[in-house]
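Novice: coords please:
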Amino acid sequence: MSGSSSSSSFVIAEVQGGIGLMTLNRPQALNALSLPMIRDITRALLAWRDDAAVRGVVVRGATLEGKGVAFCAGGDIRFFHQAALAGNPELEDFFTEEYALNHLIHTYPKPYVALMDGIVMGGGMGISQGASLRVVTERTKMAMPETHIGLFPDVGGGWFLARCPGRLGEYLALTGQILGAGDAIACGLADVCIPSGELPAVVEALVDQPHENAEQLQAAVRARAVTPAATTLLDRASIDRHFAAESLTGIVESLRSDGGDWAQATLATLAKRSPLMMAVTLEQVRRARTMTLADDLRMERDLVRHCFHLRPGAASETVEGIRALAVDKDHSPRWNPARIEDVTPAMVAAFFESPWPGFAHPLRSLGQLSFLGT
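Specialist: Numbering: from 1, shown residues only. Purely as a prediction, here's the structure:
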């Protein structure tokens, strides 16, 4: 297999047999994305997009013995914490460039195959949900767990969660429920399941065999697909009933009125999340249902700016959530407000006021030209 390659310390980008092969190579951190990684991925995808010799792209995660298996566990949240407290402007660059990358992947003109083996969370969903073929394995653990750290499901999460069947989007966004392969496919967040041991053969088949078009390339992947084991954790009837409530308070009251084990376990999960950011997240998902992807990403860029600046420094729900989970690791975040009942509509509305006029928005160039005139 011959080809050209370029690499940084954490991203290996190489062309083999007409396939752009991207390997996230930070397994010691479960391939969590840093700003340099986002830039390396973007640089490679732009080069391959305009290279007639590249017929398609495959993205995968490296593994390290002794560490968990991960496609990509998300963004580098310790960097978020440090940068927010230090006033590091690279925090702004991170989200602007990450969301632009997410849009690039969703609109990529060539086949883009994401091999989502192991942990796929947060930023890992951002670089896989826009794939033309989303492959999961028996080891996949997929989630958007941002409310656990006082954030919201970003990287286009509002857009792709809002398009899950029924009220699964609200449920997954608020709880951060981890999905296996079967549930991921049922939710519309994955396309096919391939045994993890078959993934090297999939890559080899793509690299070694010429494919005249996108359909042939995808067929070579689908040829190894299997029916995933039925391991559903989703009570669809209960999710659709409870998470259709008009407000976060309404969802909680609905769950409280249900004496079943599932409802009580769901309540216990929600009790650990940031009340404010759950309310913001519910509004985000519901607004995103009628948005284009580009408009959703612009909204999310507004939201994430406010996550770190409406209450700067340690007062930020996001900074506090990361502190509790990943810095001090006391798992006792001091949410403000501490109770769902104390979240006011004004608190939520403040997150949806854009800090920028349309012509100055950092993501103004995404998608529709009509946005530029606002």
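Novice: switch to C-alpha atoms for all contacts and neighbour counts from now on
Specialist: Will do.
Novice: show me this protein divided up by domain.
Specialist: Per the record, the chain has its domains at 1-140+179-234, 235-374, by automatic domain parsing.
Novice: out of those, flag the one nearest residue 167.
Specialist: With C-alpha to C-alpha as the measure, domain 235-374 is the member of those nearest residue 167 (4.9 Å).
Novice: roughly how far is that closest one from the heart of the chain?
Specialist: In this view, domain 235-374 has its centroid 14 Å away from the chain centroid, taken as C-alpha atoms, centre = their mean, to the nearest Å.
Novice: quick one: mean pLDDT over it.
Specialist: Regarding domain 235-374, the rounded mean pLDDT is 93.
Novice: likewise for stretch 80-90?
Specialist: Stretch 80-90 comes out at a mean pLDDT of 94.
Novice: mind listing what's buried in it?
Specialist: Neighbour counts using 16 or more other C-alpha atoms under 10 Å place 80, 81, 82, 83, 84, 85 of stretch 80-90 among the buried residues.
Novice: isn't the fifth one right up against residue 308?
Specialist: Just to be clear, that refers to residue 84. Yes - counting by C-alpha atoms under 8 Å, residue 308 is a contact partner of residue 84 at 6.7 Å.
Novice: any shared contact partners between the two?
Specialist: residue 319 (C-alpha atoms under 8 Å, 6 or more residues apart in numbering).
Novice: tell me the one of the buried residues of stretch 80-90 nearest residue 98?
Specialist: For the buried residues of stretch 80-90, the nearest to residue 98 is residue 80 (13.2 Å; C-alpha to C-alpha).
Novice: now the closest one: how far from residue 276?
Specialist: 19 Å (C-alpha to C-alpha, to the nearest Å).
Novice: dihedrals phi and psi, the closest residue to residue 166 other than its chain neighbours?
Specialist: For residue 166, ignoring the flanking residues on the chain, the nearest one in space by C-alpha to C-alpha, 6 or more residues apart in numbering is residue 240 at 5.9 Å. According to degrees, to the nearest 10, the main-chain angles of residue 240 amount to phi -70, psi -30.
Novice: cool, residue 133 as well?
Specialist: Dihedral angles (degrees, to the nearest 10) for residue 133: phi -140, psi 120.
Novice: correct me, but it touches residue 110?
Specialist: No - using C-alpha under 8 Å, residue 133 is not in contact with residue 110, being 11.1 Å away.
Novice: what sits closest to residue 355 if chain neighbours are left out?
Specialist: residue 302 (6.6 Å).
Novice: state the helix or strand in which that neighbour lies.
Specialist: helix 293-309 (DSSP states H and E).
Novice: which strands or helices does that helix pack on?
Specialist: helix 90-106, helix 157-162, helix 317-322, helix 345-351 (3 or more C-alpha pairs under 8 Å, 6 or more residues apart in numbering; DSSP states H and E).
Novice: tabulate those helices (CSV), appending distance to residue 175.
Specialist: Below are those laid out as CSV (distance: least, C-alpha to C-alpha, whole Å):
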stretch, distance to residue 175
helix 90-106, 23
helix 157-162, 12
helix 317-322, 15
helix 345-351, 18
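Novice: do you know which of those lies nearest residue 222?
Specialist: helix 90-106 (20.1 Å).
Novice: can you list contacts of the next helix or strand after the closest one?
Specialist: Reading on from helix 90-106 to the C-terminus, the next helix or strand found by DSSP H and E is strand 112-116. Strand 112-116 is contacted from outside by 56-61, 70-71, 105, 128, 131-137, 140, 199, using C-alpha under 8 Å, 6+ apart.
Novice: now do strand 112-116 against helix 90-106, angle only.
Specialist: Per axes from the mean of the first three to the mean of the last three C-alpha atoms, to 10 degrees, the angle that strand 112-116 makes with helix 90-106 is 120 degrees.
Novice: strand 112-116 pairs with which strands?
Specialist: Strand pairing for strand 112-116, determined by DSSP bridges: strand 56-61 (parallel), strand 133-136 (parallel).
Novice: export those as a markdown table, with columns for distance to residue 228 and mean pLDDT.
Specialist: Below are the strands paired with strand 112-116 laid out as a markdown table (distance: least, C-alpha to C-alpha, whole Å; pLDDT from 0 to 100):
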| stretch | distance to residue 228 | mean pLDDT |
| --- | --- | --- |
| strand 56-61 | 20 | 97 |
| strand 133-136 | 9 | 98 |
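Novice: ok, which of those strands comes nearest residue 259?
Specialist: The nearest among those, by C-alpha to C-alpha, is strand 133-136 at 34.3 Å.
Novice: hey, where'd the strands end up in the stretch 1-150 of the chain?
Specialist: With DSSP state E, counting those that start in this stretch as the criterion, the stretch 1-150 of the chain has strands at 5-7, 11-16, 19-24, 56-61, 70-72, 112-116, 119-121, 133-136, 141-143.
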